[in-house]
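[1] just to be clear, the model below is a prediction. Sequence and coordinates:
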Amino acid sequence: MSIKRVAIVGCGIGRSHIVEGYLPHPEKFKVVAICDLNEERLREIGDEFDIAKRTTSFADVLDDESVDIVDICTPPGIHLEQVVAALAVGKHVICEKPLTGSLSGVDTIMQAEKAAKGTLMPIFQYRYGDGIEKAKRIIEAGIAGKPYMGSVETFWLRTPEYYSVPWRGKWATELGGVLVTHALHLHDMLLHLMGPVSKVFGRVATRVNDIEVEDCASASLLMQNGAFVSLSCTLGSQEQISRLRLHFENVTFESNHEPYSPGKDPWKIIAANDEVQARIDAVIGDWQPVAPRFTTQMEHFHAYLSGNGPLPVTTRDARRALELVTAIYQSSDTGNEVILPIGSDSPKYADWRARTK
């Protein structure tokens, strides 16, 4: 088994990638370089994890032939250019969410992937954990039956102190608000379990903080499978929770309410009757624990690179999540329902900025 050599670009959330994603797998990954414009943070992270190479230059990372994977954890406004540049020099690339700030940007990345030697994996770490993966197995086994209804709630709290970081809260640099930076995790979980969206009606507003981007949003979805789903999200909740509740013909699922680890157990898995429960027990009775978040996503990426499994998250997955964002912004601005898929003829295809005040 080959050890993949990783360079972390952006040592904020990048530290979580080290702690959760790479340190648990010393036989699979070695972080050999870190890159950040903040030299004090470079020194702190480098010393903490004994990483010798520390640079403020992204070009230095790309020129380092010993680096197999470039893990991009920078502010969202520069993801597009960094992903394309890393792919162009043959690196494998991991990129934090949001991948970029428009469907046009995603399509540019997908074009770059076609000519690339390396592979891009977007980050959607909330897909991993015992709760969500049990639900996924039950649904894929056909036990849940017809999907009826769902609700997804992202009720978090962000104060003015959070937005004192210069790039946050601005369209040009954060690329969006609660839909893009926070609720995107939960909305990807919904798509992962219930499939694609057909129609969207949404509203966004800035009500909590004095920022450009939205911090409150709601949407009504019609899924391709016919289910109705409501989305609610705010950054003004005095109790932080993340919650999915999905109702199927034979099973109701409800996630735990931990704001930043909703994929973990305990999940409520409520069977319609004893027969359904027996079928559920049959498919998850041999369950082996799944580490949550980055730990399992990075493990699966190594398996893919070693030829032992599928790519755990694809650019197409990221596009699907960002297409939902685009549809909500477009619906909010126009006051009309938006039909998916969204193509280059959409007024929000190249720039999704919405009116929020």
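    Here it is on my side, so go on.
[2] residues of the helix or strand where residue 282 lies that come out buried?
    Element membership for residue 282, per DSSP states H and E: helix 274-284. Across helix 274-284, burial judged by 16 or more other C-beta atoms under 10 Å covers 276-277, 279-280, 284. All C-beta spots, glycine's among them, are computed from the backbone N, C-alpha and C.
[3] residues contacting it, please?
    The contact list for helix 274-284, computed with C-beta atoms under 8 Å, 6 or more residues apart in numbering, reads 134, 137-138, 141, 143, 250-251, 269, 271.
[4] from those residues, which land in helices?
    Using DSSP state H, 134, 137-138 are the members of the contacts of helix 274-284 that sit in helices.
[5] closest to residue 117 among these?
    Among those, residue 137 lies closest to residue 117 (C-beta to C-beta), at 33.9 Å.
[6] so what's the closest one up against?
    Applying C-beta under 8 Å, 6+ apart, we find residue 137 in contact with 283-284.
[7] for the stretch 1-150 of the chain, which spans come out with low pLDDT?
    Applying pLDDT under 70 to the stretch 1-150 of the chain picks out residues 1.
[8] what about the helices in the chain?
    Assigned by DSSP H, the helices in the chain fall at 13-16, 39-49, 58-63, 79-88, 103-114, 130-140, 171-174, 184-194, 274-284, 294-305, 315-334.
[9] could you export those as CSV, including distance to residue 207?
    Shown next, in CSV, are the helices of the chain (distance: least, C-beta to C-beta, whole Å):
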stretch, distance to residue 207
helix 13-16, 26
helix 39-49, 32
helix 58-63, 36
helix 79-88, 27
helix 103-114, 26
helix 130-140, 30
helix 171-174, 17
helix 184-194, 19
helix 274-284, 41
helix 294-305, 32
helix 315-334, 13
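[10] which one of the ones you listed lies nearest to residue 153?
    helix 184-194 (7.7 Å).
[11] and that closest one, what other elements does it pack with?
    helix 130-140, strand 147-157, strand 228-234, strand 236-248, helix 315-334 (3 or more C-beta pairs under 8 Å, 6 or more residues apart in numbering; DSSP states H and E).
[12] for residue 272, see how far away the spatially most central residue of the chain is.
    Taking C-alpha atoms, centre = their mean, the centroid of the chain lies closest to residue 124, which sits 3.1 Å from it. Using C-beta to C-beta, to the nearest Å, one gets 30 Å for the distance from residue 124 to residue 272.
[13] could you do residue 157 as well?
    36 Å.
[14] before we move on, what about residue 39?
    From residue 39 to residue 272 the distance is 59 Å (C-beta to C-beta).
[15] those two - which one has more neighbours?
    Ranked by neighbour count (other C-beta atoms under 10 Å), residue 39 and residue 272 place residue 272 first, with 14 against 11.
[16] now the more buried one, nearest residue through space, not along the chain?
    Once flanking residues are discounted, residue 272 sits nearest to residue 250: 4.7 Å by C-beta to C-beta, 6 or more residues apart in numbering.
[17] pLDDT wise, what is that neighbour at?
    pLDDT, residue 250: 98.
[18] contact partners for it?
    Taking C-beta under 8 Å, 6+ apart as the test, what residue 250 contacts is 143-145, 271-272, 276.
[19] now those residues as a markdown table including distance to residue 324?
    Formatted as a markdown table, the contacts of residue 250 follow (distance: C-beta to C-beta, whole Å):
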| residue | distance to residue 324 |
| --- | --- |
| 143 | 26 |
| 144 | 22 |
| 145 | 24 |
| 271 | 30 |
| 272 | 29 |
| 276 | 30 |
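[20] please flag which of those sit within strands.
    residue 271 (DSSP state E).
[21] what about residue 288, how many residues nearby?
    Around residue 288 there are 5 residues (other C-beta under 10 Å).
[22] which phi and psi does it have?
    Per-residue torsions, residue 288: phi -110, psi 130 (degrees, to the nearest 10).
[23] spit out the contact partners of it.
    Under the criterion of C-beta under 8 Å, 6+ apart, residue 288 has no neighbours.
[24] how close does it get to residue 277?
    21 Å.
[25] before we move on, what about residue 114?
    Distance from residue 114 to residue 277, by C-beta to C-beta: 47 Å.
[26] could you measure from the residue nearest to residue 272 over to residue 148?
    10 Å.
[27] got the contact list for residue 292?
    Residue 292 neighbours (C-beta under 8 Å, 6+ apart): 125, 128-130, 261, 263-264.
[28] which of the residues you listed tops the neighbour count?
    Neighbour counts for the contacts of residue 292 peak at residue 263, which has 30 neighbours (criterion: other C-beta under 10 Å).
[29] excluding chain neighbours, what is closest to it?
    That would be residue 129: by C-beta to C-beta, 6+ apart, it lies 3.2 Å from residue 263.
[30] wait, what's in contact with the one you found?
    261-265, 290-293, 296.
[31] if we use 10 Å, what do you get?
    For residue 129, the contact set (C-beta atoms under 10 Å, 6 or more residues apart in numbering) comprises 255-256, 258, 261-265, 267, 289-293, 295-296.
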